[in-house]
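Student: After the sequence you'll find the predicted model.
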Amino acid sequence: MSLDPASMAVKAASSRVGEPPLLELLKVTKQYPGVTALDGVDFTVRSGEVHVLFGENGAGKSTLISIVAGAIRPTSGALLMNGERLDLGSVHEARSKGITTVFQEFSLVPSMTVEENLVLGAEPTRAGLLDRQAIRAETRALLKRLDFDLSPTALVGDLSRAEQQMVEIARAFRSRLSVLILDEPTASLTDREADRLFELVAQAKADGVGVVYITHRLREIERIADRITVLRDGHYIKTIAASEADEETLVRLMTGRAAGAIFPEIKADPKDVALSIENLSTASGSVRDASFEVRGGEVVGLAGLVGSGKSEAVRAAFGLERVVAGSVTIAGRAVANPTPRRALDAGLLYLPPDRKNEGLAMMRPCRENMSLAALRLPPFAWGPWLNRRAEAREGMSLARRMDLHPMRPDRDVEAFSGGNQQKVLLARSLTRPVAVYAFDEPTVGVDVGARVAIYRFIKELCESGAAVVLISSDLPEILNLAHRALVFAGGRVQAELAGAELTEEAVLRHFFERRVAA
Amino acid sequence: MSIIPASGHMTPASAAVVTPRPAPSGQKLKRLFVRLGVLPFLLVIAVCVFSLMAPNFLTVGNLSNVLRQSVFLTIVSMGQMMVLLTGGFDLSVGTILALSSVVGATTMAALSALYPEATMLVIAVGCLAGVAAGVAIGIVNGIGVSAFGVSPFIMTLGVSSIGFGIALSLTGGTPVYGMPVAFGNVFGFGVLLGAPVPIWVAAGLIAATWALVSWTRYGRTLYAVGGNARAALLSGINTRATLFVVYVLSGLLAAIAGMLLTARLDSGEANIGSSMPLESIAACVIAGVSLRGGVGRVGNVVLGALFINLVQNGMNLARIESYLQTVVIGLILIAAVIADQVRLRYVADLRS
């Protein structure tokens, strides 16, 4: 392992100050084709502190913890642990150094039991065979120490999301810890379980563990944070002590770009109701008795935390969630038992947030992805035949309109950057007549340039008289683009805000209202 | 080229090793490989090797023989390709071949005993019966996969066993004779405009498949469902109907191949077609059809099927014993898949 002069200098500098920090990231950059996810970010974790990472979706938090966890390698920059250069090749290697991560996406094997998962990869053995007694004893002791009410023999696949989260956390506490990374660990926990987690974090802190904690919840920051580092668009913004972190400061740091430069002014000209959802409830309970209307010529923002029902309400209207009660009316037409095809034919187009899983066929050319929703319509359809000449022509004109870069609609989607892939998805909305456009997290994982293009696109649609539903976890997007905003929590519409009422504070207040109401 | 182990993590040392920059001519070959896939290279190698091993390999007579032998596999591969495009498999194509052969032959034999005069009618009804049997299996596959969500692997494997059992019990395991002589004379050995009838049939089916896959809305839905089933659903495509129809089409094509083979053998046999699932999937995979769905071209698959028959023919001429031949086919299939993985890595290299 060689030390380059730069890191030697830094090492010297930090040792002059005193103890080197437990973990230190120096000018860490991570580039993906077309996107810089992290741009020269510095970050330190001291022993015995809880350091909160704060920022919008796509700000680079996940990339940063993936680097610390050993899941991805930085393009450039250095990682230091106790002043020593660290070169992590895998999660396993990071774990052997005491860096343990609880990812948001679980790394559990659903077909195995709780105890099997807890010892996975480091099973106690006797004479080369699994020592089942030792596994059982160790699991019981661990669950007892953590005070988690879990059966060691339960199948993980049968557990609730919260229980799976507890298994994941328990696994982190099994190993020798020096750095613990928690990525929104309370997202699916009940208050009692969350309280228990905070106690565990406090205990770990007292043992000298450095905790990196990602959360969007201001209450949690107030409760456990020592320091907070804010990231935005892959850049390091600032690190502040918890004592100086009030809601206003954090939100300003998180979103503090010059809003006017990015967000266009959209003229509101509300016309007839284009989408009307009344008393809608889904079978899964993700939406409960939600009602709202969207008119042509306006942008309506749907805000709320992940799982609040903001996305699910529109997905249900589009036929992606099973509806048990309520009605959906699209452009004056009642749509009973919605399916994507029926909803599209009635005039509702929903573009999903997850381009890879729900949006695009990555190995097919852009133009085929663009025409996908309009294969039954002219100019693409010619009886049962496909008019490929027209498709090529339309593909090219859509690529020009969306400013696709590079301007090659004949190339496979996977060859394009995230932002340009998003443009391909958006282009799909121009291939058929649509009364209501629903964009779900349209700017996730998208660079600023593409973001501006997407906002301009939304403006053009709205000002041409269409109704636009903007579902977003990115508050500034809602605040700057939407004429009205509906705040969802617990599957219900908590508030409708418009005009002067539509402020950060007001929206955020309703994010958390569920707890007061419940 | 440095091969990175598929599993396990890279050590810092191995990550630091820089892949040596290939010579310009190597780079050109690499680009050609990325663009064309492995099949042209395999074809060139096979032709070179066999023409050295067997002097009568590279003759017009032998090559037209290969063409005639390829008819059955080519037709079956057309159906297999469409199923693969949706991200599925059809392991029951062999059984469909056998069942259609047995049903068609039995029908013809029975009818021609009753109406020895009405030859054309007997042939027509017999062919229809055989094809209907294949389509019926396709319908069962289609219902299982599209309506009940059974994995294509299990569904077609199970159906394959069922169909094979039915074909055997219909015949008691012995060949069915007694079809009108005209059937074999026309569809097995007939010549039309200088080319054997089976080749005309195959050419027509290839053209029809190409038109369906490349130029119709239905064909596009095959690619869309295989490329991303959720995206297809969200775009208003009836993904279930797409899946159902594709298994019926595969059954239809395999059954036609079964009837042609029956005409060629002049008997209905329950034991034909057992190598078809492997060979048809091999033909597609060698031709660059992705097992994950969404990628594949008709022209390449025709070449893939020809290639497999070419290799078999070459091995026969070179007097390689038949047991070894199946070993070679298996090796080629695996080598083709490995080559495709390497190609994907090159694609990523060239991009960055």
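Tutor: In hand now; what should we look at? In this text, all values refer to a predicted model and were calculated from it rather than measured experimentally.
Student: What is the neighbour count of the residue lying closest to A:Lys267 once chain neighbours are set aside?
Tutor: Once flanking residues are discounted, A:Lys267 sits nearest to A:Glu463: 5.7 Å by Cβ to Cβ, 6 or more residues apart in numbering or on different chains. In short, each C-beta sits where N, CA and C put it, glycine included. Around A:Glu463 sit 16 other residues, with neighbours defined as other Cβ atoms under 10 Å in any protein chain shown.
Student: and the gap between whichever residue of the stretch 151-300 of chain B sits closest to chain A and B:Gly88?
Tutor: For the stretch 151-300 of chain B, the residue closest to chain A is B:Gly227, as judged by Cβ to the nearest Cβ, at 2.6 Å. Distance of B:Gly227 to B:Gly88, given as Cβ to Cβ, to the nearest Å: 13 Å.
Student: The stretch 351-500 of chain A: strands as residue ranges?
Tutor: A:381-382, A:385-386, A:436-440, A:467-471, A:484-489, A:492-498 (DSSP state E, counting those that start in this stretch).
Student: residues in contact with the residue of the stretch 151-300 of chain B closest to chain A?
Tutor: A:361-364, B:293-295 (Cβ atoms under 8 Å, 6 or more residues apart in numbering or on different chains).
Student: Same list, those residues, but as a markdown table with neighbour count and pLDDT please.
Tutor: Listed next are these as a markdown table, based on neighbours: other Cβ atoms under 10 Å in any protein chain shown; pLDDT from 0 to 100:
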| residue | neighbour count | pLDDT |
| --- | --- | --- |
| A:Ala361 | 26 | 92 |
| A:Met362 | 18 | 90 |
| A:Met363 | 18 | 89 |
| A:Arg364 | 22 | 93 |
| B:Gly293 | 23 | 90 |
| B:Gly294 | 23 | 90 |
| B:Val295 | 18 | 90 |
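Student: about what we covered before: can you pull the residues that touch both of B:Gly227 and B:Gly88?
Tutor: B:Gly293.
Student: and the helix or strand containing A:Arg196, which residues are buried?
Tutor: Using DSSP states H and E, A:Arg196 sits within helix A:191-206. For helix A:191-206, the buried set under the neighbour-count rule, 16 or more other Cβ atoms under 10 Å in any protein chain shown, comprises A:193-194, A:196-198, A:200-201, A:204-205.
Student: average model confidence for that helix?
Tutor: Average pLDDT, helix A:191-206: 84.
Student: Following the chain onward from it, which element is next?
Tutor: Beyond helix A:191-206 toward the C-terminal end (DSSP H and E), the next one is strand A:210-214.
Student: Would you list the strands that that next one pairs with, along with their directions?
Tutor: Partner strands and pairing direction for strand A:210-214 (DSSP bridges) are strand A:50-54 (parallel), strand A:179-183 (parallel).
Student: then the last one to PDB, C-alphas only?
Tutor: Once side chains and other backbone atoms are set aside, the C-alpha atoms of strand A:179-183 remain, and they are given as PDB (Å, rounded to 0.1, in the frame of the first residue of the first chain):
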ATOM      1  CA  VAL A 179     -17.900   2.500  12.500                       C
ATOM      2  CA  LEU A 180     -21.600   1.900  12.200                       C
ATOM      3  CA  ILE A 181     -23.500   3.300   9.200                       C
ATOM      4  CA  LEU A 182     -27.300   3.400   9.400                       C
ATOM      5  CA  ASP A 183     -29.200   4.400   6.300                       C
END
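Student: what's in contact with that strand?
Tutor: By Cβ under 8 Å, 6+ apart, strand A:179-183 touches A:22-23, A:45, A:61-62, A:65, A:68-69, A:81, A:98-104, A:169, A:172, A:201, A:204, A:209-214.
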